[in-house]
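[1] model this:
(chains A, B, C and D, ligands or ions: 4)
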There are 2 protein chains.
Amino acid sequence: MSKTQLSFVEENYLKAIYHLTTESKDPVSTNAIAESVQTRAASVTDMLKKLAAKKLIAYKKYYGVSMTGPGEKAALEVIRKHRLWETFLVEKLNFTWDQVHEVAEQLEHIHSPLLIQRIDALLGYPTHDPHGDPIPSEQGEITEQSHILLSELKSGSEGKVVAVNDSSPDFLRYLDRLGIAIGTRVTIIEKVSFDGSIELKVENEVKPLFISKEVSDNLWITKVT
Amino acid sequence: MSKTQLSFVEENYLKAIYHLTTESKDPVSTNAIAESVQTRAASVTDMLKKLAAKKLIAYKKYYGVSMTGPGEKAALEVIRKHRLWETFLVEKLNFTWDQVHEVAEQLEHIHSPLLIQRIDALLGYPTHDPHGDPIPSEQGEITEQSHILLSELKSGSEGKVVAVNDSSPDFLRYLDRLGIAIGTRVTIIEKVSFDGSIELKVENEVKPLFISKEVSDNLWITKVT
DNA sequence: TCCTATTTTTAGATTAGTCTAAATAATGTA
DNA sequence: TACATTATTTAGACTAATCTAAAAATAGGA
Ligand SMILES: [Mn+2]
Ligand SMILES: [Mn+2]
Ligand SMILES: [Mn+2]
Ligand SMILES: [Mn+2]
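    Numbering: from 1, shown residues only, chains lettered A, B, ... in the order given. Ligands and ions are numbered 1, 2, ... in the order given. Reported below is the predicted structural model:
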């Protein structure tokens, strides 16, 4: 079967397709994948044929793409490694949460089951990475916690930040400046209907602040009673 | 200049050429490189042209190859990473010394100065890897300790094992069974002139044992008075 | 020195992954 | 339903790294 190890590039495509699949039910489009892996649509088509031949994705010309069982398993393995490495970098090597993604993009492709088991053990079997994302188990099980976007929270309600929807260094450093981290409690003072921006009270911060719709669309929270 | 990062493959060639250069003064042959990187001579020739064009090696058709300053620096960076990762795997992740090389072959190609600095710090700036090999400094300085092969030691003399000349799992596990590790003291009881094998007293072992010429040719030691 | 065996290089193909430009299919609007 | 726009695929080419087979250069022995 798929004994031969997947290439660096194949792993990146699978990961991208997996993420796109989970964030909207319909089949994933060629263009969306191209955008995600930073390449041209024509290159994506070529790779889709290859992955389909290996039965890692279900692909029908012009109809978009979805994952197969084996494909999802392979994708989750890469995601597991990515998130464990990010956690390792923060917990053991004092990286900040905005520094880890780029390095993890490289480390996730290291092939060594023993290595990743030992990293997992060293970290005490963490369940979430520095951005609040769940770490899939060795068996490929992932438990998405139920959460909503901060932009969906009603005025006056309180919530706790559980994850970020964007791991770009710029966004994360901006959150640092606002005093927002994973676990921070926030309360919506007012939602400005005109542009969707939000006046927000942040735990441990004296003054309320305003955040754009853009920002509130990238923060996952759970409601706090 | 050589701003563009070296590829995985280029790094492996440089490392191989560096090692071959240091273990015998004359220029390195195409065939020796081919053997070392497990490829064909014709492929090596192609790569030599490429590396020469980047001024990482000095190459003249049919005359063999030697390193340039920049080439040596690049090779030592890879070797530094390899040995730091090996040390990390043993010290922090409980790998045995025969398990580390293969994984380090992958990890040595991760590009992140910060990562390697932090690994170095976490380990307390080690000077030698699990096989007794010196770890080059960030500036590319390497201090080879003076040592001789066990096979060169005279009968009756005592020595301390400081490094192995072969890091293959088979050899290392055989040493484990003999009770020989880095730092172990050994005394030559008798050298068998007929086949070069050696009767050896190993520190902490009750009975002396015999090792082949092959084995004694792969153990680096320093004399102990 | 000459000749042969060995080493190295060249020539020409191949594979993975990418690209641009052109062709084709799907979609949505009139 | 017809047409124009958009999305996707195909065709053909390119680069990095590899290979085999053939040509060329070197080295060593007679
Ligand atoms: Mn990440
Ligand atoms: Mn993450
Ligand atoms: Mn090694
Ligand atoms: Mn080593």
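[2] so where is chain A shaky, pLDDT-wise?
    A:1-3 (pLDDT under 70).
[3] In it, mark out all the strands, start to finish.
    Secondary structure of chain A (DSSP state E): strands located at A:57-59, A:65-67, A:148-149, A:158-164, A:185-191, A:198-202, A:209-211, A:219-224.
[4] closest one to chain B among these?
    Between chain B and the strands of chain A, the shortest gap by CB to the nearest CB is with strand A:158-164, which sits at 21.4 Å. Heads up, the C-betas are built off the backbone N, CA and C, glycines and all.
[5] Okay, now the sheet partners of that closest one, with direction.
    strand A:185-191 (antiparallel), strand A:219-224 (antiparallel) (DSSP bridges).
[6] What is the burial count for the residue in chain A positioned nearest to ligand 1?
    Nearest residue of chain A to ligand 1: residue A:101, at 3.7 Å (CB to the ion). Using other CB atoms under 10 Å in any protein chain shown, residue A:101 has 20 neighbouring residues.
[7] Give me the nearest residue to it, chain neighbours excluded.
    In space, and not counting its chain neighbours, residue A:101 is closest to residue A:167: 5.0 Å by CB to CB, 6 or more residues apart in numbering or on different chains.
[8] Repeat that for residue A:50.
    residue A:10 (7.3 Å).
[9] From residue B:102, how far off is the one you found?
    21 Å (CB to CB, to the nearest Å).
[10] And residue A:42, by the same measure?
    In terms of CB to CB, residue A:42 sits 37 Å off from residue B:102.
[11] Which one's more surrounded, those two?
    residue B:102 (12 against 9).
[12] contacting residues around that one?
    residue A:112 (CB atoms under 8 Å, 6 or more residues apart in numbering or on different chains).
[13] ok, 10 Å please
    Applying CB atoms under 10 Å, 6 or more residues apart in numbering or on different chains, we find residue B:102 in contact with A:111, A:112, B:167, B:169.
[14] try residue A:163
    Neighbours of residue A:163 in contact, by CB under 10 Å, 6+ apart: A:128-129, A:131-134, A:144-145, A:147, A:182, A:218-222.
[15] Show me just the buried residues among these.
    Buried subset of the contacts of residue A:163 (neighbour count, 16 or more other CB atoms under 10 Å in any protein chain shown): A:128, A:129, A:131, A:132, A:133, A:134, A:147, A:182, A:218, A:219, A:220, A:221.
[16] where does chain A come near DNA strand D, residue by residue?
    A:29-32, A:41-42, A:44-46, A:48-49, A:59, A:61-62, A:64 (CB under 7 Å from any atom of the strand).
[17] which among these end up buried?
    If we count by 16+ other CB under 10 Å, the residues of chain A next to DNA strand D have these buried: A:29, A:30, A:32, A:44, A:48, A:59, A:64.
[18] Assess the claim that the first one and residue A:35 are in contact.
    Same thing as residue A:29. Yes - Residue A:29 lies in contact with residue A:35 (CB atoms under 10 Å); the separation is 9.3 Å.
[19] list residues touching both of these two?
    A:20, A:41, A:44.
[20] dump the residue contacts of the first one.
    Put plainly, it is residue A:20. Counted by CB under 10 Å, 6+ apart, residue A:20 has contacts A:26, A:27, A:28, A:29, A:32, A:33, A:35, A:36, A:64, A:65, A:66, A:67.
[21] Give the members of those residues that are also in contact with ligand 4.
    Among those, no residue is within reach of ligand 4 (CB under 5 Å from the ion).
[22] in chain A, which spans are helices?
    A:8-22, A:30-37, A:41-53, A:69-93, A:100-107, A:113-122, A:169-178, A:213-216 (DSSP state H).
[23] re earlier: what is the burial count for the residue nearest to residue A:101?
    For residue A:167, the neighbour count with other CB under 10 Å is 21.
[24] what about the closest residue to residue A:19 other than its chain neighbours, neighbour count?
    Leaving aside its chain neighbours, residue A:19 sits nearest to residue A:36 (7.3 Å; criterion: CB to CB, 6+ apart). Number of residues near residue A:36 (other CB under 10 Å) recorded here: 17.
[25] Residue A:36 touches residue A:14, doesn't it?
    No - if you go by CB under 10 Å, residue A:36 and residue A:14 don't touch, sitting 11.4 Å apart.
[26] near DNA strand C, which residues of chain A show up?
    Residues of chain A lying near DNA strand C (CB under 7 Å from any atom of the strand): A:7-10, A:37, A:39-40, A:42-43, A:46-47, A:50, A:62.
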